[in-house]
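Participant: sequence and predicted structure below; questions after.
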Amino acid sequence: MKKSIGIVGCVWLAGGAALAGSPNSAALEKFERTGETVSCVSLRSADITPVDESTLLVRVGSAYYVNDLRDKCGRIDDNFTRIDLRTFSNQLCSGEIVKVVHQSTGAFLGACSLGAFEKLRKIAPDAAPPDDR
């Protein structure tokens, strides 16, 4: 059970896809799913990239995770939005609410709930063909 403290931490995360253009469906092509899941990841070093309205790519240090949201999160992958998280700890956990906020106006656009974080493994680049000289 998570203990809450009196002060609510507030973190704004702008995913790479939200700044570079979206949808960022190619973001997961370099990885394969392992089937191993964790319920929480460290928020301190998390970098979140919206892949589409149902999927987030989460980098924590050198580890990568995919988070299949429990429901669609409209406009999370839009160029003009950011992710707004309010948490009581330094962990980002399954079941927590992710809010989608307009980047410049701060208007609330929607919310959704995080699923489990599935570990990803980088796919090895294809081996170069042998040199036939």
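Facilitator: Great, that's in hand.
Participant: ranges for the helices of this structure?
Facilitator: 16-20 (DSSP state H).
Participant: quick one: the strands in it?
Facilitator: Using DSSP state E, the strands of the chain run over residues 9-13, 31-38, 40-42, 46-52, 55-60, 63-68, 81-87, 91-93, 97-102, 108-113, 117-122.
Participant: of these, which is nearest Ser25?
Facilitator: The closest of the strands of the chain to Ser25 is strand 46-52. By C-beta to C-beta, the value is 6.2 Å. Backbone N, C-alpha and C define where each C-beta goes, glycine included.
Participant: the closest one - what's its average pLDDT?
Facilitator: Strand 46-52 shows a mean pLDDT of 91.
Participant: show me what it is packed up against.
Facilitator: strand 9-13, helix 16-20, strand 55-60 (3 or more C-beta pairs under 8 Å, 6 or more residues apart in numbering; DSSP states H and E).
Participant: below-threshold pLDDT in this structure: ranges please.
Facilitator: 1-23, 127-133 (pLDDT under 70).
Participant: tell me the contacts of Arg75?
Facilitator: Glu53, Thr81, Val100, Leu109, Gly110 (C-beta atoms under 8 Å, 6 or more residues apart in numbering).
Participant: sorry, back to before: could you dump the strands of the chain to a markdown table with distance to Gly74 and mean neighbour count?
Facilitator: Below are these laid out as a markdown table (distance: least, C-beta to C-beta, whole Å; neighbours: other C-beta atoms under 10 Å):
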| stretch | distance to Gly74 | mean neighbour count |
| --- | --- | --- |
| strand 9-13 | 17 | 13 |
| strand 31-38 | 24 | 13 |
| strand 40-42 | 24 | 18 |
| strand 46-52 | 11 | 22 |
| strand 55-60 | 13 | 21 |
| strand 63-68 | 16 | 20 |
| strand 81-87 | 10 | 19 |
| strand 91-93 | 20 | 19 |
| strand 97-102 | 7 | 18 |
| strand 108-113 | 5 | 15 |
| strand 117-122 | 22 | 17 |
